[in-house]
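> Quick check, what structure comes out for this input:
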Amino acid sequence: WAAKYGEGAISAFGYAYRLHSSALQLLVMACSTLLLARFSDLVAHNNTVAVKRILIKAAFLSALVGVFYALGVWVFGAIGLEWLFSGRFDDEAAARVSSHWLLLSIGLPFVMLGNVFAKFFQAQRMPLMMTVLAVASLLVLCVSYWLFNSRFGELSIALSITLGAFFSLLIGFWGLRYSFLGRS
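Sure, this is the predicted structure:
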């Protein structure tokens, strides 16, 4: 999708996506195996209270980290890029990358909590729910890009990724009703 907006758009989105992916790796993937093991143990012992507590903590921490991360990118993104890549980014290029990065960072809390949900559904042996989360995210990504690309141009790609993560998370909340939490 970025290719249709030119070489600068590919580069800007590529940099922003790599910066965003680094944050995801640090914040989400590092704790995934621990979450899966903990959820598996709690599900095996039918401990709904502890699972609910973890989900509430995860929601709070995801929101908190996401807000601070997005604020940091908004305030320091372009400045930080100019400093970090001294000379490789002019003001315009840094602002362009920072705009993509900001839209992606707004979706960080949705991705973080969505990953917690995915690990919970995995521990529950609900692979269909994990598939539904992924398909919902992909469908919203495609539809929102189609709806927004003429209005937002190259930024519609990052916006669509964020909307996909948000709607996937909404499906995850719906899926909790069908897990053992909804039956207790």
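
> can you pull the contacts of the residue nearest the centre of the chain?
Centroid check for the chain by CA atoms, centre = their mean gives V111 as the closest residue, at 2.7 Å. Residues near V111 by CB atoms under 8 Å, 6 or more residues apart in numbering: L24, V28, A165. (Glycine included, C-beta is placed from N, CA and C.)

> by contact count, what packs against the lowest-mean-pLDDT helix or strand in the chain?
Lowest on mean pLDDT, DSSP states H and E among the helices and strands of the chain sits helix 7-24, with a mean of 75. When contacts are defined as 3 or more CB pairs under 8 Å, 6 or more residues apart in numbering; DSSP states H and E, helix 7-24 packs onto helix 91-106, helix 108-123, helix 155-176.

> Tell me how far the last one lies from the chain's centre.
So the one you mean is helix 155-176. Helix 155-176 has its C-alpha centroid displaced from the chain centroid by 8 Å (CA atoms, centre = their mean, to the nearest Å).

> same thing with the second one?
Shown here is helix 108-123, whose average C-alpha point lies 10 Å from the average C-alpha point of the whole chain (CA atoms, centre = their mean).

> With stretch 51-71 instead?
12 Å.

> coming back round to it: tabulate the helices and strands packed on helix 7-24 (CSV), appending distance to F39.
Putting the helices and strands packed on helix 7-24 into CSV (distance: least, CB to CB, whole Å) gives the following:
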stretch, distance to F39
helix 91-106, 27
helix 108-123, 4
helix 155-176, 12
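
> Could you say which of these is packed most deeply?
Mean neighbours per residue, mean count of other CB atoms under 10 Å, is largest over these for helix 108-123, with a mean of 23.

> Give me the angle between it and helix 7-24.
50 degrees (axes from the mean of the first three to the mean of the last three CA atoms, to 10 degrees).

> Tell me the buried residues in the following helix or strand past helix 108-123?
Going down the chain from helix 108-123, the next helix or strand is helix 127-152, by DSSP states H and E. Neighbour counts over helix 127-152 (16 or more other CB atoms under 10 Å) mark 129-130, 132-133, 136-137, 140-141, 144-145, 148-149, 152 as buried.
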